[in-house]
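K.L.:
Here's my sequence, what's the structure:
(6 chains, ligands or ions: 9)
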Amino acid sequence: MKFPVHTSPYGQLPNSVTRLMALVLLALVPGVAALVWYFGWGVMINIVIATTTAVAAEAVILRLRHHRVKRTLMDLSAVVTAVLLAISLPPLLPWWLTVLGTLFAIVFVKHLYGGLGYNPFNPAMAAYVLLLISFPVAMTRWLPPEILANVQLTFGQTLHTILTGHLPDALTWDAVTSATPLDEMRTQLEFNKTISEIRQSPLWGDFGARGWEWVGNWFLVGGLFLLWRKVIAWQIPAGMLAGLLLTAGLFWMFDPETIPFPGFHLFSGGMILGAFFIATDPVTASTTPRGRLIYGFLIGMTVFIIRTWGGYPDAVAFAVLLMNMAAPTIDYYTQPKVFGARKEEDG
Amino acid sequence: MSEYALILVSTVLVNNFVLVKFLGLCPFMGVSRKLETAMGMGLATTFVLTLSSVASYLVNTWMLEPLGLEYMRTIAFILVIAVVVQFTEMVMHKTSPVLYQVLGIFLPLITTNCAVLGVALLNTQEQHNFVESALYGFGAAVGFSLVLVLFAAIRERVNVADVPEPFKGNAIALITAGLMSMAFMGFSGLVSS
Amino acid sequence: MITRKPGSWDFHGGIHRPDMKAMSAGRFLGKVPLPERLVIPLQQHIGTMAEPLVKAGEKVLKGQTIARVTEYIGASIHAPTSGTVVEISEQPVPHPSGLASTCIVLEADGRDEWGELPEPLPWFEELDSSVLRERIRWAGIVGLGGAAFPTSVKVNPGPDRHIDTLVINGAECEPYITCDDLLMRNQADRIVEGIRVLMHVVDAGECLIGIEDNKPEAIAAMRKAVAESDLDTTRVISVPTRYPMGGEKQLIKVLTGKEVPSHGIPAEIGVICLNVATTAAVTDAVMAGRPLLSRLVTVTGEGVKQAGNVEVPYGVLMSHVIEHVGGYSDKAYKFILGGPMMGFTLQDDEVPVTKGTNCLLVASREEAPDPDHALPCIRCGKCAEVCPAQLLPQQLYWYSRSKDLEKTQEYNLFDCIECGCCSWVCPSHIPLVQYYRFAKTETWAQEKEKQAAEEARRRHEARVERLERLERERKERLRKKKDALHKKTADSGTDPKKAAIEAAMKRVAEKKKAQAEEQKENP
Amino acid sequence: MGEEQKQMLREILLSATILGVFGILGAALVAITWSATEERIAANQREMFLRNVYKLVPKEQVTNELLKDVITVNDPRLSARPVRVYRARHDGKPLALIFSPVESPGYAGPIRLMVGIGADGVLGGVRVLSHQETPGLGDKIDEQKSDWILSFSGKSLGNPPVEKWKVKKDGGIFDQFTGATITPRKIVAAVKRTLLYFQQEKDRLFKLPAETNPPNAPNH
Amino acid sequence: MIGYREIIKEGLWNNNQALVALLGLCPLLAVSNTLVNGMGLGIATTLVLVASNTTVSLIRNWVRQEVRLPVFVLVIASFVTAVELSMNAWFHDLYKILGIFIPLIVTNCTIVGRAEAFASRNNVPRSALDGLSIGTGFTLVLMVLGGLRELIGQGTLFSGLHLMFGEGARGLVFSLGDDYHGLILAILPPGAFFGLGLLIALKYLIDRRLEERAARKAVQAEPATDTAAAPAEG
Amino acid sequence: MIIAILTMATLAALFGVLLGYASIRFKVEGDPIADQVDSLLPQTQCGQCGFAGCRPYAEAVAAGEADINLCAPGGEPVMLALADLLGKEPKPVEVDEGEHGIKKVAYIHEDQCIGCTLCIQACPVDAIVGAAKQMHTVIVDQCTGCELCVPPCPVECIEMVPVKTTLGTWKWPYPGQDLLQKPREQAS
Ligand SMILES: Cc1cc2nc3c(=O)[nH]c(=O)nc-3n(C[C@H](O)[C@H](O)[C@H](O)COP(=O)(O)O)c2cc1C
Ligand SMILES: Cc1cc2nc3c(=O)[nH]c(=O)nc-3n(C[C@H](O)[C@H](O)[C@H](O)COP(=O)(O)O)c2cc1C
Ligand SMILES: Cc1cc2nc3c(=O)[nH]c(=O)nc-3n(C[C@H](O)[C@H](O)[C@H](O)COP(=O)(O)O)c2cc1C
Ligand SMILES: Cc1cc2nc3c(=O)[nH]c(=O)nc-3n(C[C@H](O)[C@H](O)[C@H](O)CO)c2cc1C
Ligand code: SF4
Ligand code: SF4
Ligand code: SF4
Ligand code: SF4
Ligand code: FES
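P.N.:
Numbering: from 1, shown residues only, chains lettered A, B, ... in the order given. Ligands and ions are numbered 1, 2, ... in the order given. Presented below is the predicted three-dimensional model:
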């Protein structure tokens, strides 16, 4: 009798890239829901725009390169990229900027390198930085959390703003938008106000900034879910949080009135999202166990440095890109000791 | 003291010679195919750049300025650089054959690295004093080496990626450098604000 | 460290995969009836291929040595039954390549008549270990646990290495396989006897028998047999069930806490590891003077009508074995030799069972699904988490894929034990192990080529030198002649031999050019 | 000296000669060009400088030779680096002071300003000499890009009051750019600093003897 | 020895120093934020290239091996300084903008490279032509890259033209309109890298298209007789 | 102006002294690059590169006089190794891969051999044994497959035969797209 042949092992753990990506999307649900709750429908609209663009762009490229379109789209990685980008963007960003960013992420940062698995830089974050650098005004128009807002935009108004780039009549940007907590902290510090004075403002909540802290908490829930399902390695979030808290804590101890307390850093901006969903992007992160700790730690540290002394209020995207850049080198220097490595080979 | 630290941070990160100031790009693109070579090039450049930065400072302050020959700067500096490179090669050959074997092949390349002449010219433009010149040269070289090594490691990976045909090789390398440069923009403002 | 119990250590990684052993566990389906025709490959072991001692048409008796290896690493081959040698020829053998190799084809005469055997050595304790090693070598025993490495070589660690621990591998961690389990349950005494012999041969202080805890009957049987014997430094240790617990290095780590050095062998850390079946074969050789002629083979999977273990003399075709157990079921889809993690598929069941054959797994489509379309590696690191050799499979993969063999060495390709854990967990369904196998064999081939090139250079240089010397000598002679005769000699100046070579080279070049042009003209 | 060493020396001298010859030729080329362009370059620089200066002080009223009436001050109250002060006089009477360059940190690097202040303490104007601000954001301080820098003309320490010398966002009267507050903030601060310094030191500054060897032309 | 035609073709396209050899990158990337800047530096570089190639070719037989490189560097540095001084005198504003990158023409690897690889092995006319074509190729890339970045980044073309052609040229500036805010990234350093990367990929595509066309032509031309094919060659 | 010229001339001359000295003092002996190149070549000594054997080709490559893609037996791997060593751009090797894929060795049809020894003289690695007027044989293990012995043979009794793959020399294939081989495909 004749049989078909291929090589061992035979069989496969029921696990796949599609499943991983789906779990990531699932884990994003609580955080996204919180974002929508606090910041309105814009977040959802952005997600829809970005996802549609990403999937369409990927399909076109795959067709151009004569790859199997359906099968590759099925891996959902483009959707994850799109969603992560969309939730990093201000809720009222004009649609063409969202589209531009998504195209940059998918076409430039991902597919020029060959697509899933080959890109050395995090597509979503590269796109975010592109937009931030090129359109700083639009990219810093954040809405205040719902509790603090004096104007509530309806779904229709939000859609109108996103599609036209202009607010509905009778509304001004100044009335609608507000500085993000990180921006606020920087500006106030420039006025030589002390942290305790700054914290008097209603913008601040129990351990971070109002609204933002809860978004962070919900993302944390999703992140823990990912950890539990072993989708992400614990080293990266742990390293990143440690990197931020230790550096921030150290400086804060010496100068508590001009260096924001560590908890503030943790629960403002994209820190939690970054630690569990962005820095953990397996493709662009370090891949050795020790390397991942270092990689995470350096991201945390860089975030603190740029936030405290640099030109950008939120630095997660930059820190992630900077360490993406270093990841191959980190990997090179942190190869684990192989089973039975001899002493003299250790060095 | 902190002023000196600032010069270092500024040259290594904020105003990185390669990614922000656009100096020394040819070796950056040319000698970054392999990690080991990149490290060798980085080391050699650091040495030469620091030395030539100091030497050109001396020539400028003790020779050109007193004689009123500022307009001869370019010629004088490039000669100085060539001497330094040659001199380094000689010394290394004699005193440390091992080091020479590692770095020797890079030395001639450095003469035409415009970061070297750039540092000398920027030193006079920024009116750096002796220590500042030395630090500036050193910082620039460290910044150069840092991104060179990181770039080489990324390129080793990208080389085996499934890059679309038209982008294989230099095109994707340049795009990678662009993304690196974008990431480095995160450091802007670190020093002056 | 010393105070820790054997078996309380752990190895990195590994996987849990349903063990599927219930299908065949404890079921002995008897000895396969001898077929008329046996095909006995000359290469059933690691090392040099054996050279036949018989010729076509010759009559042989059961147990007679029919092929032998003169080099150190190798194993003799014996006639599994009496009969006539039909031919010595290329026959398909069980090998992933599907290639044919030299085999002795034997026509059984059905009498199963024993030939002359050496005397049993029950007083082995009074004998020098070299005598016993010679006996093991004579018996053609190779590792029955997988690699088929000649046991006589393994039990000779060399004069400057002292063996502390003999590890007996009864882990049998591969899913589906139960032949060692059966052996331990039914013939524990035979194994224990072998341990006594081996302890004497390698002069080990203790013996640890590692058995995975999913085989309680085997553990009990072995404990009983050990307790009844006079072996007081031998212990049966139940180890957790986790693939690849049975890997030599992993088992040694778990039992002794010692790590076999990278690129090294267990003897370097004072350990020798043998499989239970190998141990039993040693008993036969020493206590009964019988060579290795047959082995227990597990036949299992949804693709056979009846699963169980059978005793099979080597040389019997696998189709015959399957027939004996009741034939294929409708679900038969793939024919795997060995377990599902490390075995390999055969395209054809008309190949003989060899010393290394431990399992015939006839798998259904569900048991051995076709390989998936592989996605690119997303560097998730799952593979590194499970790699028992603590390698970075993802890096090995990147470099094997791009054929950067040098880099794969840097990442310790040769420490990979090909256990398949990485492929099993990879979410991108990449056939990782296949890449490593490719890279390993490619590296070996290049190594060989390099050696050949080195040799060629040496020979070429020697030749050039010789020609030059001859030329010098000729000139010298010529000059002398000239001097002697004071006569002008017409000297063309060119050496005819050299001219010939040059002409040859030119011709080749011209030919090439002509060919190239030809090709250019009609592409 | 052995034959070998002699040979060596010859080689060395030959190399030296070749290089020396080319050194002479090269230097000659450059020196000739220099002598041909020297004046024009100086004139260019002077002209460029004066072009800026006359935007800050009324040209027709200046009667002294501005470029010769220069002092250098080195005062941390004003700027981290030495600043040249050009003194404009009308028939010997103090007319205005031009501070150049006043250096201020910017968003992405130092910004160098030229500040002209009339003897009455009213700003003749401010110009940016060099900067490295972000194109599209901070670079609006450039006269070529927007009129923002002109908004200083005519202002003084009392107009607006000292506490209003800030950008609007911080409660002052000067515009910031959307998305870029830091750059204008720093410039406003630097101008204010210069005005304060002027207020305190103006008399002394006008009186100090001019430098004997004023530079040909300021070249920043 | 290659003909004049090939020299031109090599310099402009096949061996374009910026796109193929990746030399002279620093000025290429640094000064290509507007078309006019690119043109200015390109012309300066071309001048130096022609002069240095000619000189090197003239002296190629006199210069000994061990001092060859320093002599070339010296020659180049002299020309660069001459050009620098002249620009300072006659294009002062442009000179200010191009800044340090004019003296840095000395270390533009292209120039030493051409001196070594071409001028020191060829006669004067060839070398001069090589300098011209290589320089023009370099200038064209500078201009294309500059134009691209300027257009995307600030929505204009030819801005600053008056720096080269006097005030009258101001009117020639093309603008996408005031509403166009521009993708600022394009005129920042990353934009330069991206731009050049894309140009290189574009060149590859064009080359491949040309090759395909040539191949197709060859196939079509096959049945034609030798005599028919010959004129097409010349 | 005079000062300028003098200064530069002095500087340059000084430099010249240094360089002249350096060039003599530090003359590089031998050519280690050529050795390295040589060690990468397959040593078939076939001359297909256009040079009289591997060493001359190696020297030419080291001197930059020959391209790195001329060694046909070495094929792409050797070209890549050379590119890597010398830091040059890889260039395609101009041989059809199929030919080079299978290694061949010379085989002498002994019944036709007239014992003229011409092949022995042509073989660069002494892989042929035999004496005048006697049958000649190729030592398979030492034959590099260079084919140099084929043309000289007057009776054309030398044939290049492919080396057979055995269990010992078999290599696992590179995992391609078709990981699964259906039984029917193998039959062919
Ligand atoms: C090529 C090769 C050489 C070996 N050499 C020795 C040896 O010299 N001494 C020894 O005791 N074992 C030797 N071994 C046996 C190994 O140590 C090991 O026991 C054997 O490969 C079976 O292990 P496995 O089934 O886990 O692969 C060798 C094995 C191989 C494959
Ligand atoms: C991944 C892996 C799993 C193995 N599993 C077993 C096993 O379960 N039982 C076993 O006896 N040998 C197993 N082996 C072989 C052992 O490593 C080792 O070669 C053997 O126990 C040595 O004994 P032998 O020479 O008598 O075969 C395994 C090898 C590998 C690489
Ligand atoms: C790419 C980029 C470049 C920037 N460049 C400048 C600049 O040149 N000058 C400046 O004042 N702010 C610049 N900023 C903005 C600062 O980061 C900071 O957010 C801003 O000055 C705060 O002003 P706002 O309160 O008006 O937002 C830049 C921001 C980005 C993202
Ligand atoms: C845990 C996890 C995190 C991810 N994070 C990101 C991310 O931050 N940005 C992104 O573009 N894609 C992310 N992806 C999706 C995917 O890895 C990404 O598209 C690849 O970088 C594309 O090659 C993530 C995927 C996983 C499984
Ligand atoms: S498990 Fe697969 S996808 Fe993940 S790192 Fe390993 S090889 Fe890559
Ligand atoms: S097959 Fe090799 S690399 Fe993969 S898990 Fe096993 S030992 Fe590690
Ligand atoms: S026998 Fe022939 S093919 Fe073989 S090496 Fe000698 S000459 Fe070459
Ligand atoms: S050349 Fe041919 S005939 Fe002559 S000896 Fe060799 S094989 Fe025989
Ligand atoms: S131009 Fe080549 S290094 Fe700068």
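K.L.:
Domain boundaries for chain D, per the record?
P.N.:
For chain D, automatic domain parsing gives the domain ranges D:1-56, D:63-207.
K.L.:
could I get these as TSV with mean neighbour count and distance to residue C:451?
P.N.:
For glycine as for every other residue, the C-beta is placed from the backbone atoms N, C-alpha and C. Below are the domains of chain D laid out as TSV (neighbours: other CB atoms under 10 Å in any protein chain shown; distance: least, CB to CB, whole Å):
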stretch	mean neighbour count	distance to residue C:451
domain D:1-56	18	45
domain D:63-207	18	60
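K.L.:
Mean pLDDT lowest where, among the ones you listed?
P.N.:
If you rank the domains of chain D by mean pLDDT, domain D:1-56 sits at the bottom with a mean of 81.
K.L.:
is chain F contacted by that one?
P.N.:
Yes. Against chain F, domain D:1-56 shows contacts by CB under 8 Å from any CB of the partner chain at D:8, D:11-20, D:22-24, D:26-28, D:30-32, D:34-35.
K.L.:
who in the stretch 201-347 of chain A is up against ligand 3?
P.N.:
Listed as neighbours of ligand 3 in the stretch 201-347 of chain A under the rule CB under 6 Å from any ligand atom: A:311-312.
K.L.:
in the stretch 201-347 of chain A, what residue is nearest chain F?
P.N.:
residue A:332 (17.8 Å; CB to the nearest CB).
K.L.:
Does that residue touch residue B:153 like I think?
P.N.:
Yes. Between residue A:332 and residue B:153 a contact is recorded at 6.0 Å, counting by CB atoms under 8 Å.
K.L.:
more neighbours, those two?
P.N.:
residue B:153 (24 against 18; other CB atoms under 10 Å in any protein chain shown).
K.L.:
tell me the phi and psi of the residue of the stretch 201-347 of chain A closest to chain F?
P.N.:
phi -60, psi -40 (degrees, to the nearest 10).
K.L.:
which residues does it contact?
P.N.:
Neighbouring residues of residue A:332 by CB atoms under 8 Å, 6 or more residues apart in numbering or on different chains: B:35, B:153.
K.L.:
Could you check how far it is from residue B:36?
P.N.:
Per CB to CB, to the nearest Å, residue A:332 is found 10 Å from residue B:36.
K.L.:
Quick one: low-confidence residue ranges for chain F.
P.N.:
F:1, F:19-20, F:22-32, F:87, F:94-101, F:184-188 (pLDDT under 70).
K.L.:
residue boundaries of the helices in it?
P.N.:
Counting by DSSP state H, the segments of chain F that form helices are F:2-25, F:32-40, F:54-62, F:75-86, F:97-101, F:118-122, F:183-187.
K.L.:
Out of those, which gets nearest to ligand 9?
P.N.:
helix F:75-86 (20.4 Å; CB to the nearest ligand atom).
K.L.:
Quick one: distance of the longest helix belonging to chain E to the chain centre.
P.N.:
Identified as the longest helix of chain E according to DSSP H is helix E:189-221. Computed by CA atoms, centre = their mean, to the nearest Å, the chain-centroid distance of helix E:189-221 equals 18 Å.
K.L.:
hmm, that helix in reach of chain B?
P.N.:
Yes. Counting by CB under 8 Å from any CB, chain B has neighbours in helix E:189-221: E:189-194, E:196-198, E:200-202, E:204-205, E:208.
K.L.:
buried subset of these?
P.N.:
Among the residues of helix E:189-221 next to chain B, those that count as buried by neighbour count (16 or more other CB atoms under 10 Å in any protein chain shown) are E:189-194, E:196-198, E:200-201, E:204.
K.L.:
quick revisit: what do residue A:332 and residue B:153 both touch?
P.N.:
With contacts taken as CB under 8 Å, 6+ apart, residue A:332 and residue B:153 have residue B:35 as neighbours in common.
K.L.:
I'd like to check which residues are in contact with residue 160.
P.N.:
Since you didn't name a chain, this refers to chain A. residue A:168.
K.L.:
oops, I was thinking of chain E
P.N.:
E:34, E:36-37, E:94, E:97.
K.L.:
farthest-separated two in those?
P.N.:
E:34 and E:94 (10.9 Å; CB to CB).
K.L.:
more neighbours, those two?
P.N.:
Taking neighbours as other CB under 10 Å, residue E:34 and residue E:94 compare with residue E:34 leading, 26 against 22.
K.L.:
and that one, what does it touch?
P.N.:
Taking CB under 8 Å, 6+ apart as the test, what residue E:34 contacts is E:146, E:149-150, E:156, E:159-160, E:187.
K.L.:
Swap in 7 Å and give it another go.
P.N.:
E:146, E:150, E:159-160 (CB atoms under 7 Å, 6 or more residues apart in numbering or on different chains).
K.L.:
Residue E:12 too?
P.N.:
Per CB under 7 Å, 6+ apart, neighbours of residue E:12: E:133, E:136-137.
K.L.:
Buried residues, the host helix or strand of residue C:217. List them.
P.N.:
Per DSSP states H and E: residue C:217 is located in helix C:216-228. Using 16+ other CB under 10 Å as the burial criterion, the residues of helix C:216-228 that qualify are C:218-219, C:221-223, C:225-226.
K.L.:
so what does it touch, helix or strand wise?
P.N.:
On a contact count with 3 or more CB pairs under 7 Å, 6 or more residues apart in numbering or on different chains; DSSP states H and E, helix C:216-228 meets helix C:179-202, strand C:206-212, strand C:234-239.
K.L.:
need the residues of chain E near ligand 9, please.
P.N.:
E:23-26, E:107-109.
K.L.:
and the residue nearest to residue A:315 when sequence neighbours are not counted, what is it in contact with?
P.N.:
In this structure, residue A:315 finds its nearest non-sequential neighbour in residue A:306, 3.5 Å apart by CB to CB, 6 or more residues apart in numbering or on different chains. By CB under 7 Å, 6+ apart, the contact set of residue A:306 is A:312, A:315, A:318-319, B:186.
K.L.:
Any figure for the gap between residue F:170 and chain A?
P.N.:
14 Å (CB to the nearest CB, to the nearest Å).
K.L.:
again, but for residue C:223
P.N.:
30 Å.
K.L.:
same deal with residue B:116?
P.N.:
Residue B:116 is 25 Å from chain A, by CB to the nearest CB.
K.L.:
in the helix or strand hosting that residue, what's buried?
P.N.:
Applying DSSP H and E as the criterion places residue B:116 in helix B:114-125. For helix B:114-125, the neighbour count (16+ other CB under 10 Å) marks B:114-124 as buried.
K.L.:
hmm, it touching chain E?
P.N.:
Yes. Helix B:114-125 reaches chain E (CB under 7 Å from any CB of the partner chain) through B:114, B:117-118, B:121-122.
K.L.:
Give the next helix or strand downstream of that helix.
P.N.:
helix B:130-159.
K.L.:
what angle separates that following helix from helix B:114-125?
P.N.:
Inter-element angle recorded for helix B:130-159 and helix B:114-125: 150 degrees (by axes from the mean of the first three to the mean of the last three CA atoms, to 10 degrees).
K.L.:
What's the mean pLDDT across helix B:130-159?
P.N.:
Helix B:130-159 comes out at a mean pLDDT of 94.
K.L.:
Next SSE downstream of the host helix or strand of residue C:253?
P.N.:
In this structure, residue C:253 is located in helix C:248-256 according to DSSP H and E. Counting by DSSP H and E, the next helix or strand C-terminal to helix C:248-256 is strand C:271-275.
K.L.:
contacting residues around the residue nearest the centre of chain B?
P.N.:
Taking CA atoms, centre = their mean, the centroid of chain B lies closest to residue B:141, which sits 4.1 Å from it. Residues in contact with residue B:141 (CB under 7 Å, 6+ apart) are B:45-46, B:49-50.
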